[in-house]
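Undergrad: sharing a model that was predicted from the sequence below.
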Amino acid sequence: MESNKRANELMREKVAFLVNKLVEFPNGLITIAYVDLSSEGQNAEIGVSVLPTNLRGTALRQLRKFSSTIARTSSKQCRLSRVPRIVWQIDDTEERAAHLDRLIQGLN
């Protein structure tokens with residue numbers, strides 16, 4: 001379990017670097033929130049937050065264009081035994097937390 005956490009964090013760092021280097025997204029910001037490698041290393045679910053939120057679709061399209069390059073390069077840098085298939089996910093944790101905060105404030 002601990003090695004999987006380390007692998008996920010290392011992969012997140014490598015993916016963040018590659019996204020910054022490869023993906024052109026001049027009107028917004030893409031942040032890599034998490035990486036969750038499957039136990040066999042075949043898949044990598046990568047959560048991203050996108051600002052402004054109305055550009056999420058554009059960001060996902062840009063990321064998908066570079067998926068194979070990002071997967072190959074990051075898996076090599078992380079010394080993974082295989083190249084994972086990347087599944088990009090929107091991470092809306094911050095947005096949901098802000099919504100809950102507004103709801104709680106409304107109760108007072």
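TA: Looks like it arrived, so ask away.
Undergrad: could you pull out the strands for this structure?
TA: 29-37, 43-51, 85-90 (DSSP state E).
Undergrad: which stretch among these is buried most, on average?
TA: For the strands of the chain, the largest average neighbour count (mean count of other C-beta atoms under 10 Å) is found in strand 43-51, namely a mean of 20. All C-beta spots, glycine's among them, are computed from the backbone N, C-alpha and C.
Undergrad: mean confidence for it?
TA: When pLDDT is averaged over strand 43-51, the result is 96.
Undergrad: could you dump that strand to CSV, C-alpha only?
TA: As requested, C-alpha coordinates have been extracted for strand 43-51 and formatted as CSV (Å, rounded to 0.1, in the frame of the first residue of the first chain):
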residue,chain,number,x,y,z
ASN,A,43,-4.5,2.2,-15.8
ALA,A,44,-3.8,5.6,-14.3
GLU,A,45,-6.8,7.7,-13.3
ILE,A,46,-5.5,11.3,-13.2
GLY,A,47,-7.6,14.0,-11.6
VAL,A,48,-7.2,17.5,-12.8
SER,A,49,-8.6,20.8,-11.7
VAL,A,50,-9.2,23.4,-14.4
LEU,A,51,-9.6,27.2,-14.0
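Undergrad: for that strand, which helices and strands make contact with it?
TA: helix 2-22, strand 29-37, helix 56-65, strand 85-90 (3 or more C-beta pairs under 8 Å, 6 or more residues apart in numbering; DSSP states H and E).
Undergrad: many thanks, have a good one.
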